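# show me the folded form of this:
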Amino acid sequence: MKLRVGIIGLGETWEKSHRPALRTLSDRFEVRAICAEVAHLAQQAARDFHADEVSGFRALCQRDDVEAVLLFSPEWYGPLPIYAACEAGKAIYCASAFDLKPEQADDVRQRVETAGVAFMAEFPRRLAPATVLLKELIATRLGKPRLIFCHRRVPQERSKNLRQREAECPAALREMMELVDWCRYVVGSEATSVFGVKHYNGGGDEDYQMMNLDFSAPGQVGHGPTAQVSSGQYMPAHWPEASSFRPPAALQVACERGVAFVDLPYALTWFDEAGRHMEALDSERPVGEALLLNFHRAVTSLVLRTVDLEDTYRALRIVQAAEQSAKDGRRIAFDFSARPTGD
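As a prediction, this is how the structure comes out:
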């Protein structure tokens, strides 16, 4: 079944990921309309896909020939296109779920649930070939995760577009949400508490954030899986040699029967009693295609899917609690049927 879609915002990864994925999956997706803030880019994309250029996202969502909306960029819209798609009863693929303001996340979740539309947030780390294989190895060879170390270096200098977006949803918050979701997905269970730490440079700006996520049973901190998630903005972008010197693995997982090192999207090296193993994953389907295929299945299967929206909401709650933990100097426990509470 070919799904007729409208695109809102082209985004920073349009040329590298979304455009080629839609080209490859032309048997699954038919682009009917495109709306973007930069007119000449919208015109070019519309010509490329033989689609209509639409001047507003509300008009796009109301079109009878659009069954689903692909939000590839937040631009200046914020959550408004999501609300418009909900009102029109259209399925939603959201590449910018992590860009929502904290106070908007709960409202978006309620709107989507009330509308009863399929919603899929873009989680590229989950469907990266290295992560998919890691989950298979955990189930078959490595055993359950015990310790996870996840770190990302972020250059201090950012693009103009990203700096503009920081005013709405700080980059550090967005990055930590992505890393938190990745760890939750790898462990396969929900965190029960968090302890956060922040560091500030001489100018008073945050340059490092770390959180300890505990997946133990309530009241048994340290007796179950634990993840250390960190993001640093301490390396000047004009020091390229230093930035690239001995970068840590994006994800290191110590399991019951081995250790794995992951660098997205295709690098996975793991060790067990038999020694070192390296997997060649270059021939796997690109992440952009895998994500859109999942969305196609979610919509055409007629099974309501909003799990990814709940995952986004929970990742946000965890990061918010970590920030409160850093201020208070205490671990904060979770009950996702209520607000996080101190322990």
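# all contacts plus neighbour counts: C-alpha atoms, from now on.
Fine.
# show me where the stretch 201-343 of the chain has strands.
Taking DSSP state E, counting those that start in this stretch, the strands of the stretch 201-343 of the chain run over residues 206-214, 226-232, 251-255, 259-263, 267-272, 275-280, 332-333, 341-342.
# which residues of the stretch 101-250 of the chain score low on pLDDT?
102, 153-172 (pLDDT under 70).
# repeat that for 50
Residues of the stretch 101-250 of the chain meeting the criterion pLDDT under 50: 158-169.
# as TSV, the strands of the stretch 201-343 of the chain with mean neighbour count would be great.
Shown next, in TSV, are these (neighbours: other C-alpha atoms under 10 Å):
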stretch	mean neighbour count
strand 206-214	21
strand 226-232	22
strand 251-255	22
strand 259-263	20
strand 267-272	18
strand 275-280	11
strand 332-333	23
strand 341-342	13
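# switch those strands over to JSON lines; also include distance to residue 220.
Below are those laid out as JSON lines (distance: least, C-alpha to C-alpha, whole Å):
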{"stretch": "strand 206-214", "distance to residue 220": "9"}
{"stretch": "strand 226-232", "distance to residue 220": "12"}
{"stretch": "strand 251-255", "distance to residue 220": "19"}
{"stretch": "strand 259-263", "distance to residue 220": "24"}
{"stretch": "strand 267-272", "distance to residue 220": "28"}
{"stretch": "strand 275-280", "distance to residue 220": "33"}
{"stretch": "strand 332-333", "distance to residue 220": "11"}
{"stretch": "strand 341-342", "distance to residue 220": "15"}
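# and these: which comes nearest residue 326?
Closest approach to residue 326 among the strands of the stretch 201-343 of the chain (C-alpha to C-alpha): strand 206-214, 8.7 Å.
# of all the strands of the stretch 201-343 of the chain, which one is nearest residue 131?
When the strands of the stretch 201-343 of the chain are ranked by proximity to residue 131 (C-alpha to C-alpha), strand 259-263 comes first, at 7.5 Å.
# follow-up on the earlier one: so for residue 110, which of the strands of the stretch 201-343 of the chain sits nearest?
Going by C-alpha to C-alpha, the one of the strands of the stretch 201-343 of the chain nearest residue 110 is strand 341-342, 22.3 Å.
# domains of the chain?
3-123+288-306, 125-283+317-333 (automatic domain parsing).
# out of those, deepest packed?
domain 3-123+288-306 (a mean of 19; mean count of other C-alpha atoms under 10 Å).
# and the spatially most central residue of the chain, what does it touch?
Central residue of the chain (C-alpha atoms, centre = their mean): residue 123, 3.8 Å from the mean position. Applying C-alpha atoms under 8 Å, 6 or more residues apart in numbering to residue 123 gives the contacts 178, 291.
# got phi/psi on it?
Main-chain dihedrals, residue 123, degrees, to the nearest 10: phi -120, psi 80.
# what angle separates the longest helix seen in the chain from strand 206-214?
Longest helix of the chain, by residue count under DSSP state H: helix 307-328. Put simply, helix 307-328 runs at 110 degrees to strand 206-214, going by axes from the mean of the first three to the mean of the last three C-alpha atoms, to 10 degrees.
# just the CA atoms of helix 307-328, as CSV, please.
The C-alpha trace of helix 307-328 is given here as CSV (Å, rounded to 0.1, in the frame of the first residue of the first chain):
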residue,chain,number,x,y,z
VAL,A,307,4.4,4.5,22.2
ASP,A,308,7.2,6.6,20.8
LEU,A,309,5.5,9.7,22.0
GLU,A,310,5.3,8.3,25.5
ASP,A,311,9.0,7.4,25.2
THR,A,312,9.8,11.0,24.3
TYR,A,313,7.7,12.3,27.2
ARG,A,314,9.5,10.0,29.7
ALA,A,315,13.0,10.9,28.4
LEU,A,316,12.1,14.5,29.0
ARG,A,317,10.8,13.8,32.5
ILE,A,318,14.1,12.0,33.3
VAL,A,319,16.3,14.8,32.0
GLN,A,320,14.2,17.4,33.9
ALA,A,321,14.6,15.3,37.1
ALA,A,322,18.3,15.0,36.5
GLU,A,323,18.6,18.8,36.4
GLN,A,324,16.6,19.1,39.6
SER,A,325,18.9,16.5,41.1
ALA,A,326,21.9,18.5,40.2
LYS,A,327,20.5,21.5,41.9
ASP,A,328,19.4,19.7,45.0
